[in-house]
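Q: my questions are about this predicted structure, shown below with the sequence.
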Amino acid sequence: MNSAVGVRDLRVARGGRDVLHGLSFDVPRGAVVGLLGPSGCGKTTLLRCLVGVQEIQGGTVTVLGAPAGTPALRRRVGYATQSPAVYADLSVGENLSYFAAVLGAPHGDVERVLDAVGLGDARGRRVATLSGGQRGRVNLAAALLGSPELLVLDEPTVGLDPVLRRELWELFRALAGQGTTLLVSSHVMDEASRTDRLLLMREGSLLADAPPDELRARTGADDLEDAFLRLIAEEDR
Ligand SMILES: Nc1ncnc2c1ncn2[C@@H]1O[C@H](COP(=O)(O)OP(=O)(O)OP(=O)(O)O)[C@@H](O)[C@H]1O
């Protein structure tokens, strides 16, 4: 079983409307896979399916060899939601110590994840006093606790300056080098080139599932934003 994630014919409706229309794809183990597409196309909904918090209307979602949402997967999958899910009243360190205790993460993990996201100096600060970007990084640090085998990250670089964004993508690459699988959503096309593979979504369907170079070659576009636009034009023809 080589895939970290296997999705077949996934259908989801939200608010009485079909939002995922029968998606099928695999995420190879140890890869950094980007999930890209315009706002509202269904990225978050798809990620919710992978972590098992979304009711689905049809299809199957297999994660690390088990059905998504199986309790045994809880410690093997890290999920960072788009809006930070951390306690504003607690310090950065208190938040992470709390989540580490809940997860049964090893002692010392708090230090490790704080360093990984570049927040070593902010350990004693109350989350309420942090910038949006810093808060996002605390949220990401929490997802790294316990070194999960699969990381599902919903727009982890939103609100970050280019230097920090680059550092985070270097971190994602380093984690993949250690065997972690990462599925990272974004709507910033320049981040797409940093991935091993791209899932391009549009209106609840997959427009493409291929490595960035293949997408460039297939469309004849130099940059991925153009490639995406050409794929849309092709589909609309
Ligand atoms: N709680 C909800 N109830 C009803 N419809 C919802 C709900 N959440 C999302 N939707 C709808 O589902 C569709 C997909 O939304 P989703 O949040 O998955 O998109 P997204 O690609 O992650 O967007 P963004 O990049 O803006 O976060 C949208 O049409 C949205 O309006």
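A: That came in fine, so what should we check first? Since this is a predicted model, take the numbers as computed values, not measurements. Numbers count the residues shown, from 1 in each chain.
Q: contacting residues around stretch 160-178?
A: Stretch 160-178 is contacted from outside by 30-32, 116-118, 133, 136-137, 140, 144, 151, 153, 156-157, 182, 184, 191, 194, 196, using C-beta atoms under 8 Å, 6 or more residues apart in numbering. For the C-beta atoms, the positions are set from N, CA and C on the backbone; glycine is no exception.
Q: select only the buried ones of these in PyMOL?
A: The buried subset of these, as determined by 16 or more other C-beta atoms under 10 Å, is captured in PyMOL by this line:
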select buried, resi 30+31+32+116+117+118+136+137+140+144+151+153+156+157+182+184+191+194+196
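Q: what's the neighbour count on the closest residue to Pro38 other than its chain neighbours?
A: Here the nearest residue to Pro38 in space, its sequence neighbours aside, is His187; by C-beta to C-beta, 6 or more residues apart in numbering that works out to 6.4 Å. Using other C-beta atoms under 10 Å, His187 is surrounded by 16 other residues.
Q: Pro212 and Ala192 touch, don't they?
A: Yes - using C-beta atoms under 8 Å as the test, Pro212 is close enough to Ala192 to be in contact (6.0 Å).
Q: from Glu55, how far off is the closest residue to the ligand within the chain?
A: Using C-beta to the nearest ligand atom, Gly15 is the residue of the chain that sits closest to the ligand, at 2.8 Å. As judged by C-beta to C-beta, to the nearest Å, Gly15 and Glu55 stand 12 Å apart.
Q: who's more crowded, these two?
A: Per other C-beta under 10 Å, whichever of Gly15 and Glu55 has more neighbours is Glu55, with 9 against 5.
Q: what residue ranges in the protein score low on pLDDT?
A: For the chain, the stretches flagged by pLDDT under 70 are 1.
Q: tell me where it has helices.
A: Here the chain has its helices, by DSSP state H, at 43-51, 92-103, 109-116, 132-144, 162-177, 212-219, 224-236.
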